Every structure is written in structure tokens, then in C-alpha cells.
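> Generate coordinates for the sequence data below:
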Amino acid sequence: MLILLIVLTGILAGIYLVFSIVVMKSLNELPPIQGAQAMNKINDVILNTIFIPIFFGTTLWFAGLIAWEISDWQGSQSISLIAASLIYIVGMFLVTVFGNVPLNNQLKRSENNEVQLQTSWKIYQDQWTRLNHIRSLACAASCSLLAMALIQF
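Numbering: from 1, shown residues only. Down below sits the predicted model:
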């Protein structure tokens, strides 16, 4: 089961990394209105993909892992698993919920007004990408800590 969590966490790390180093750079090269419209479309589409079950499922899994490790303490292995879980929940889930999603919603609300959309896009690009870097690093760090814990089994 831990191997599956490592794989799913690695997949999310990769998705976020690709967004930071490819997708956002590509959208930034478009005229602002087109970049913002494309990002709104991406945000609409991603909600209807396997991303959402992986996003919520792994978060619940990490939360359950904390409870399990506290109740069945295994020393340094439990420390690695709890650290991986906390980094993931804070650095991926909470950053998404309180950072990226509000920015997505703001961009979406401005889509019918080109002046507002252009202004929102300018703010969105830097803030969203910075938060996305955090998500990518949090997933990679969690994945590494999970692998370390797996080795300790």
C-alpha cells in the first residue's frame, strides 16, 4: 500500500512540476487574454479528470497515515511517515485550498471582462506559479520521506 501512495504522490509532484516549468511558461508567452482564457479552460477540465480523486484520496490517505502511525508507533519509521504526511497536507493540500483555488476562482470570475481578466492574469501568473512550486516541492519531499520509511521496513 505504501508503494501505491509513493506512486500517486510522485504523479502529483510531476503534474505540478510540469505546470510550473512547461504549462505556465507556455501560457505566459501567449497574449494575456489568451493565456488567461487557456488557464480557465485547463482549470475547468482538470475538475473532471482522475486528478481530483487522486488529489483528495491521497490527502485522506496521508491523514489516515498520521493517525495509524500515532497509534502504532514504530520509531524513526513513524517519524518519516508522519513528516511525509504533514509536509503533504500542509504543502500540497492546504496551499492548494487556500492559495491556488482562490486564485483560480478569481481568474474565472473575471473571464467576462477583458480588462479585469488581463489584470487578474498578471497577478495570477506570479502568485499561482509560486504556490505551485511549493506544491511540487512538498510532493517530492513527501515522496522521498515515504521511500525512506519503506526502506526502514
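> alpha carbons only for contacts and neighbour counts from here, please
Will do.
> all helices of the protein, in order?
2-18, 24-28, 32-46, 51-71, 76-88, 95, 101-109, 114-152 (DSSP state H).
> which other helices and strands contact the fourth one?
What that stands for is helix 51-71. With contacts defined as 3 or more C-alpha pairs under 8 Å, 6 or more residues apart in numbering; DSSP states H and E, the packing partners of helix 51-71 are helix 2-18, helix 76-88.
> Taking helix 114-152 as reference, get the angle to that helix.
With axes from the mean of the first three to the mean of the last three C-alpha atoms, to 10 degrees as the basis, helix 51-71 and helix 114-152 are set at 40 degrees to each other.
> so what's the closest residue to residue 93 other than its chain neighbours up against?
When the adjacent residues along the chain are set aside, residue 93 lies closest to residue 59, with 6.8 Å between them (C-alpha to C-alpha, 6 or more residues apart in numbering). With C-alpha atoms under 8 Å, 6 or more residues apart in numbering as the criterion, the residues that contact residue 59 are 88, 89, 93.
> which of those lies closest to residue 113?
Sorting the contacts of residue 59 by distance to residue 113 puts residue 93 at the head of the list, at 30.2 Å, by C-alpha to C-alpha.
> where's the closest one relative to residue 52, distance?
Using C-alpha to C-alpha, to the nearest Å, we find residue 93 at a distance of 12 Å from residue 52.
> Tell me, how many residues neighbour the spatially closest residue to residue 103 that is not a sequence neighbour?
Counting by C-alpha to C-alpha, 6+ apart, the nearest residue to residue 103 once its immediate chain neighbours are dropped is residue 124, at 6.3 Å. One way to gauge burial is a neighbour count; for residue 124, by other C-alpha atoms under 10 Å, it gives 19.
> so residue 124 makes contact with residue 107?
Yes - at 7.3 Å, residue 124 and residue 107 qualify as touching, with contact defined as C-alpha atoms under 8 Å.
> May I ask which of the contacts of residue 59 has the most neighbours?
Of all the contacts of residue 59, residue 88 has the most neighbours under the rule other C-alpha under 10 Å, reaching 27 neighbours.
> ok, that one to residue 133 distance?
Taking C-alpha to C-alpha as the measure, residue 88 and residue 133 are separated by 13 Å.
> do residue 10 as well
14 Å.
> what distance separates stretch 49-57 from the centre of its chain?
Here the centre of mass of C-alpha atoms in stretch 49-57, compared against the chain's by C-alpha atoms, centre = their mean, to the nearest Å, lies 11 Å away.
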